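**Q** Fold the following, please.
(chains A, B, C, D, E and F)
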Protein chains: 4
Amino acid sequence: MPANPTRRSPTSHAAILSAAWDLACEVGYARLTVEAIAKRAGVGKQTIYRWWRTKDEILLEELDSRTSATLEFAHSGDIRADLRRQLTEVTKVLGSDEYAPYRGLIAAAQSDPELLRQIEQRIIEPRVDALVERVSQAQRDGQLRDDIAPRDVVELLYGPIYYRLLVRTRPLRVADTRHHLDLLFEGLSPGQAVKAAKAADVAQPG
Amino acid sequence: MPANPTRRSPTSHAAILSAAWDLACEVGYARLTVEAIAKRAGVGKQTIYRWWRTKDEILLEELDSRTSATLEFAHSGDIRADLRRQLTEVTKVLGSDEYAPYRGLIAAAQSDPELLRQIEQRIIEPRVDALVERVSQAQRDGQLRDDIAPRDVVELLYGPIYYRLLVRTRPLRVADTRHHLDLLFEGLSPGQAVKAAKAADVAQPG
Amino acid sequence: MPANPTRRSPTSHAAILSAAWDLACEVGYARLTVEAIAKRAGVGKQTIYRWWRTKDEILLEELDSRTSATLEFAHSGDIRADLRRQLTEVTKVLGSDEYAPYRGLIAAAQSDPELLRQIEQRIIEPRVDALVERVSQAQRDGQLRDDIAPRDVVELLYGPIYYRLLVRTRPLRVADTRHHLDLLFEGLSPGQAVKAAKAADVAQPG
Amino acid sequence: MPANPTRRSPTSHAAILSAAWDLACEVGYARLTVEAIAKRAGVGKQTIYRWWRTKDEILLEELDSRTSATLEFAHSGDIRADLRRQLTEVTKVLGSDEYAPYRGLIAAAQSDPELLRQIEQRIIEPRVDALVERVSQAQRDGQLRDDIAPRDVVELLYGPIYYRLLVRTRPLRVADTRHHLDLLFEGLSPGQAVKAAKAADVAQPG
DNA sequence: ACTTAACCGAGACGGTACGTCGTGTCTTGGT
DNA sequence: ACCAAGACACGACGTACCGTCTCGGTTAAGT
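**A** Prediction:
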């Protein structure tokens, strides 16, 4: 971009971001069009192409600013309680219709490596890093097996959420997310349920 | 579709299916074009539109026939061994470049509820059913906690695979899938690793 | 046409002819379609293509049978009376909406020399020949200048009719045709009107 | 047409006009295609549809500019000389292959009343008006019967030309046009030829 | 205070692909 | 053999968006 950001019109900038997001919600990501964004935002097409390379980048920027709040991670001392809170939050957000464009972005990224890289970098990586750090702390505290790479924990935790998000066999629900979290800690092997459940009660009495 | 299937040309039918799949592999799902499929298959566009509503349906049909072989599920008596075998197979298939169009379909389905429904119905549901059945058997055999809904097990197993498939933070690898399977059975809580590992050794000495 | 006319279905034949003509009247020549003819006639497309090369040929055949009645030429002994009767008849027919497809044929013939040849041969030539013969007779009878080629008379007579038929600046009306006929005989030069009118009165007192 | 004419590209405009006319000459009006025009002109189809509703309008515009030169009418004082000159010119133009698309337009207008209206308005009417005026002048000068509506003269003059142009029974030739003109003035009645010829000699000794 | 250069809205431009319509040919099954 | 039905390869249709490219008009910075 050779454009000079100091002369950028904040009005148009904001109008484009929200026009893009709103349209994506209304007509669906696939039917989202640069021309429609320009019209809705009351903006020339050139103004869009001057600052963004694709419509994905617009949505990504808007997504970024909308989700920046969900970055911080609780450190209550109880790993399962902290994870429960975090995953609950994430589930609520991703399950809502206002975040439907996020699914569109993940989808588009399957055909656009550069977009995929940006999503990882700006949306996913920060959350994964925070999660990895919290998990490591839990391992040091003896609340989690220390023979596991934290990255694997991340995938076990987020996997089912994304699975439902994208495959939609069942709706994304907070209660299920919590249940999955318990199962993960307790394991699927028989004879561990009771012990595991007890441990959970101690950690999270509420 | 008012067309009469008995008059359908098998030559054109087959040519379209493989042209579509090959092109999707070559240029990527997003750049796949009905026009290009018609040209490659030596077929009129009308013939495509007569039998399929979208390019997605073509790919879905081809995907269906290509994966119909991976439907059966092993019943060795050892649930972890059977799951390992099955997930290994699935991981290999989904991770390969020849199945890249599948990712495109999942992506497109995010903007097309009807397509999503069809993918579930034709691709996902049969495998989930088989998996659910196998898990139920394992519960009756006492090889798996019987206080869990089999559907939840499915999501815990497939979740991480789809996560990597779509988010691509790390490549989809067979070894990781197996590792995740072990972690799932053993649980993440500390002090269960040794016991769980022992149980695994008994069940799967190889 | 390799088809064997003796096995031809008279029902389909007739249905096609009238379906074609009716459709041409309803939607206009340019929007006339072989497919629509087949549907309206309750006939397979092949049946049409087996017996006619183009839709023009269908219309031409129907035109031919509809106009075969206007072929005979009156021989009353008075050339101007005979011409008046004949041109009146032609004007009535060509000016009516039921013969609109004829204009379509003339139009199409501008881009299709073979069609033009057929129209001349089957529709125009017979009438021209009859007219030429009648004019020659009049010349022998001393009712018409004998230093003129009859073909030129034909063009002077039919010209204005076709002009209005195709250019449509003014509607094709019987009264105008008769007036033109008078002007033709009398000439445009000044000082001949009275004499000519007298001659006309003698020839056609009614 | 909501397009803004001040932003119109003169290059594309001109390229489209001549591409359309040239192609019409080369392949014939009926095989003329918007797609081919766009390709030949190096232009997007949309640019054509933005400024013209049909290919006819393109040809009409080009025809208009090509024939605008033949609008003026000679006033030598001798009506027959002036008509002879004018009809000669018209005959030459319409008979030439470079004006073949005009025939296509007349043809197409038979199925398109709006096009017919435009042809009359832009091509025919101006010439008819000029001719009517010249004829009226001649009537005032006593060179032509004054009991005739000039419009009728127009049709008697142009009729045979259009007849040959469209029906093509005989080629459109300058000599025939002149001959028809003489016959018109002299009339077809016997015994007038000599007198009429004399009058002509006086008026047009060349 | 006055250029002047970048921004802006608007939208025309050369393209690509869309999904539809009609062409003329071919095939199937019924009479 | 002819027929109704309609699938087929093909070509063109008119439309929707793409991303690039002028046009004036308006700001804001730098002289």
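
**Q** can we go C-alpha only for contacts and neighbour counts from here?
**A** Fine.

**Q** Neighbours of the closest residue to A:Asp97 other than its chain neighbours, how many?
**A** Leaving aside its sequence neighbours, A:Asp97 sits nearest to A:Cys25 (CA to CA, 6 or more residues apart in numbering or on different chains; 7.5 Å). Residues within reach of A:Cys25, counting by other CA atoms under 10 Å in any protein chain shown, total 18.

**Q** Now for A:Cys25: which residues touch it?
**A** Counting by CA atoms under 8 Å, 6 or more residues apart in numbering or on different chains, A:Cys25 makes contact with A:97-101.

**Q** Which members of those are classed as buried?
**A** By neighbour count, with 16 or more other CA atoms under 10 Å in any protein chain shown, the contacts of A:Cys25 hold A:99-101 as buried.

**Q** Columns distance to C:Lys39, pLDDT and secondary structure on top of those residues, output as JSON lines?
**A** As requested, the buried ones among the contacts of A:Cys25 are arranged in JSON lines below (distance: CA to CA, whole Å; pLDDT from 0 to 100; DSSP: H, G, I helix; E, B strand; the rest coil):
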{"residue": "A:Tyr99", "distance to C:Lys39": "51", "pLDDT": "94", "secondary structure": "helix"}
{"residue": "A:Ala100", "distance to C:Lys39": "47", "pLDDT": "93", "secondary structure": "helix"}
{"residue": "A:Pro101", "distance to C:Lys39": "47", "pLDDT": "95", "secondary structure": "helix"}
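
**Q** Of the residues you listed, which is the nearest to A:Leu59?
**A** Each of these was scored against A:Leu59 by CA to CA, and A:Pro101 proved nearest at 7.4 Å.

**Q** okay but the closest one is in contact with A:Ala30, surely?
**A** No - applying CA atoms under 8 Å, one finds A:Pro101 not in contact with A:Ala30, separated by 9.6 Å.

**Q** Quick check: phi and psi at the residue nearest to A:Asp97.
**A** When read as degrees, to the nearest 10, the backbone of A:Cys25 gives phi -70, psi -40.

**Q** and if you look at A:Leu188?
**A** phi -90, psi -10.

**Q** As a check, name the ranges of all helices in chain A.
**A** Along chain A, counting by DSSP state H, helices occupy A:10-27, A:34-41, A:45-51, A:55-67, A:79-95, A:100-109, A:113-119, A:125-140, A:150-167, A:174-186, A:193-203.

**Q** out of those, nearest to C:Ala74?
**A** When those are compared by CA to CA, helix A:34-41 sits nearest C:Ala74, at 71.6 Å.

**Q** and that closest one, C-alpha only, in PDB?
**A** Extracted C-alpha coordinates of helix A:34-41, given in PDB (Å, rounded to 0.1, in the frame of the first residue of the first chain):
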ATOM      1  CA  VAL A  34     -16.900  -5.300  -2.700                       C
ATOM      2  CA  GLU A  35     -19.400  -3.300  -4.800                       C
ATOM      3  CA  ALA A  36     -22.100  -3.800  -2.300                       C
ATOM      4  CA  ILE A  37     -19.800  -2.800   0.600                       C
ATOM      5  CA  ALA A  38     -18.900   0.400  -1.300                       C
ATOM      6  CA  LYS A  39     -22.500   1.200  -2.000                       C
ATOM      7  CA  ARG A  40     -23.700   0.500   1.600                       C
ATOM      8  CA  ALA A  41     -20.800   2.500   3.000                       C
END
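
**Q** Domain map for chain A?
**A** A:5-52, A:65-203 (automatic domain parsing).

**Q** mean pLDDT lowest for which of those?
**A** Ranked by mean pLDDT, those bottom out at domain A:65-203, with a mean of 89.

**Q** hmm, that one in reach of DNA strand F?
**A** No - remark: domain A:65-203 sits outside contact range of DNA strand F, by CA under 7 Å from any atom of the strand, the gap being at least 11.8 Å.

**Q** Just give me how far that domain sits from the chain centre.
**A** Relative to the centre of its chain, domain A:65-203 is centred 9 Å away, using CA atoms, centre = their mean, to the nearest Å.

**Q** and the gap between the closest residue to A:Ala100 other than its chain neighbours and DNA strand F?
**A** Excluding the flanking residues, the one nearest A:Ala100 by CA to CA, 6+ apart is A:Cys25, at 6.3 Å. A:Cys25 sits 15 Å away from DNA strand F, taking CA to the nearest atom of the strand, to the nearest Å as the criterion.

**Q** returning to that earlier point: want to try JSON lines for the domains of chain A, with distance to C:Ala81 as columns?
**A** Shown next, in JSON lines, are these (distance: least, CA to CA, whole Å):
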{"stretch": "domain A:5-52", "distance to C:Ala81": "72"}
{"stretch": "domain A:65-203", "distance to C:Ala81": "83"}
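
**Q** looking at it, A:Arg40 is touching A:Ser18, isn't it?
**A** No - the criterion here is CA under 8 Å, and A:Arg40 misses it with A:Ser18 at 9.5 Å.

**Q** who are the neighbours in contact with the one residue in chain A that gets nearest to chain C?
**A** Chain C sits closest to A:Arg31 of chain A, with a gap of 34.2 Å, by CA to the nearest CA. With contacts defined as CA under 8 Å, 6+ apart, the neighbours of A:Arg31 are A:Ala24.

**Q** can you list the residues of chain A near DNA strand E?
**A** Neighbours of DNA strand E within chain A, by CA under 7 Å from any atom of the strand: A:2-5, A:7-10, A:12-13, A:39, A:42-47, A:50.

**Q** what do you get if the cut-off is 10 Å, keeping everything else the same?
**A** In this structure, chain A approaches DNA strand E at residues A:1-13, A:15-16, A:35, A:38-51, judged by CA under 10 Å from any atom of the strand.

**Q** Of the residues you listed, grab the buried ones for ChimeraX.
**A** Burial among the residues of chain A next to DNA strand E is assessed by 16+ other CA under 10 Å; the matching ChimeraX selection reads:
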select /A:12,13,15,16,38,40,41,43,48,51
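
**Q** What distance do you get for A:Gly142 to A:Val174?
**A** 27 Å (CA to CA, to the nearest Å).

**Q** These two - which one has more neighbours?
**A** A:Val174 (18 against 13).

**Q** Flag every buried residue along stretch A:74-92.
**A** For stretch A:74-92, burial by neighbour count (16+ other CA under 10 Å) applies to A:79-84, A:86-88, A:90-91.

**Q** Can you confirm whether that stretch lies near chain B?
**A** No - on the criterion CA under 8 Å from any CA of the partner chain, stretch A:74-92 is out of touch with chain B, staying 9.8 Å away.

**Q** Any chance you could list what contacts that stretch?
**A** Here stretch A:74-92 makes contact (CA under 8 Å, 6+ apart) with A:70, A:73, A:134-135, A:138, A:143, A:161, A:172-174, A:177-178, A:181, A:200, A:203-204.

**Q** So which of those reach chain B?
**A** A:143, A:161.

**Q** Now restrict the contacts of stretch A:74-92 to buried residues only.
**A** By 16+ other CA under 10 Å, the contacts of stretch A:74-92 give A:134-135, A:138, A:143, A:161, A:172, A:174, A:177-178, A:181, A:200 as buried.

**Q** for the residues you listed, which one is nearest DNA strand E?
**A** A:Leu172 (30.2 Å; CA to the nearest atom of the strand).

**Q** Can you report phi and psi for that closest one?
**A** Dihedral angles (degrees, to the nearest 10) for A:Leu172: phi -80, psi 110.

**Q** So A:Leu105 sits against A:Asp56, correct?
**A** Yes - under the criterion of CA under 8 Å, A:Leu105 makes contact with A:Asp56 at 6.6 Å.

**Q** still on that earlier bit, could you provide the contacts of A:Cys25 in TSV, with additional columns for distance to C:Leu115?
**A** Putting the contacts of A:Cys25 into TSV (distance: CA to CA, whole Å) gives the following:
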residue	distance to C:Leu115
A:Asp97	64
A:Glu98	65
A:Tyr99	65
A:Ala100	62
A:Pro101	60
